[in-house]
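Trainee: with the input below, show me the fold.
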Amino acid sequence: MSETLSLNKLEKLIELETQLRDEYQQQLDEKDASISDLTRDKAALESKVAELQQTISTQLATISEMSSKSRETQSLEQRNRELHNRSENMKEEVAVAKSRLKVLQKDLAAERAEVAELKKYDPQRMRKNLDASKKKLAEKTMAADKLQKSLSEARSENSQLELKIEELEAQLEKTNDAQSDQPADKQEAA
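Mentor: Alright, predicted model coming up:
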């Protein structure tokens, strides 16, 4: 009896299990379906997460690349600003240099005029001219002395000649007087 009882219990248990299965099988199937859906969803979510992680890493690489480019751009902009400032400073320096150049050109023109004026009074040239003038003066003085001597000689000769002429004229007069006295004496004597 104990076996029958156990068998009876076992049958009842099997029957209860069958009944519970019939009753809950649909729910179990739904749960299995939902578990398999969840597994598929989990796999889809995992692939989506992997895609999102891939996208995130790509975006991170792009961001880091862009930030380095941004740093380069900022450094380039800084260099451009510095170069612009330098060029402005250089423009100012060029303007100052141009005005200084104009002043220096005016000064140079004045200095050239002064040098030209001073060249008129060039000491070496003046000394050379003075030496040449001294030589010419010495030559002219010597020539004048010679002319003076020559003039003095000519005057003395002239005065001697004039004396001779006067003597000769006096002799001529005497001779003429004597000749005129002689023909009268000859005529008187004749």
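Trainee: now the helix or strand of the chain with the lowest mean pLDDT: how far from the chain's centre is it?
Mentor: Ranked by mean pLDDT, DSSP states H and E, the weakest helix or strand in the chain is helix 123-189, scoring a mean of 82. Centroid displacement of helix 123-189 relative to its chain, using Cα atoms, centre = their mean, to the nearest Å, is 83 Å.
Trainee: likewise for stretch 9-23?
Mentor: 110 Å.
Trainee: keeping just the C-alphas, turn it into PDB.
Mentor: Below are the C-alpha coordinates for stretch 9-23, written out as PDB (Å, rounded to 0.1, in the frame of the first residue of the first chain):
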ATOM      1  CA  LYS A   9       1.000  10.500  -5.200                       C
ATOM      2  CA  LEU A  10       3.300  10.300  -8.100                       C
ATOM      3  CA  GLU A  11       0.400  10.200 -10.500                       C
ATOM      4  CA  LYS A  12      -1.100  13.100  -8.900                       C
ATOM      5  CA  LEU A  13       2.100  14.900  -9.000                       C
ATOM      6  CA  ILE A  14       2.400  14.100 -12.700                       C
ATOM      7  CA  GLU A  15      -1.100  15.100 -13.200                       C
ATOM      8  CA  LEU A  16      -0.600  18.300 -11.300                       C
ATOM      9  CA  GLU A  17       2.600  19.000 -13.300                       C
ATOM     10  CA  THR A  18       0.700  18.400 -16.500                       C
ATOM     11  CA  GLN A  19      -2.100  20.600 -15.400                       C
ATOM     12  CA  LEU A  20       0.300  23.300 -14.200                       C
ATOM     13  CA  ARG A  21       2.100  22.900 -17.500                       C
ATOM     14  CA  ASP A  22      -1.000  23.300 -19.500                       C
ATOM     15  CA  GLU A  23      -2.000  26.200 -17.400                       C
END
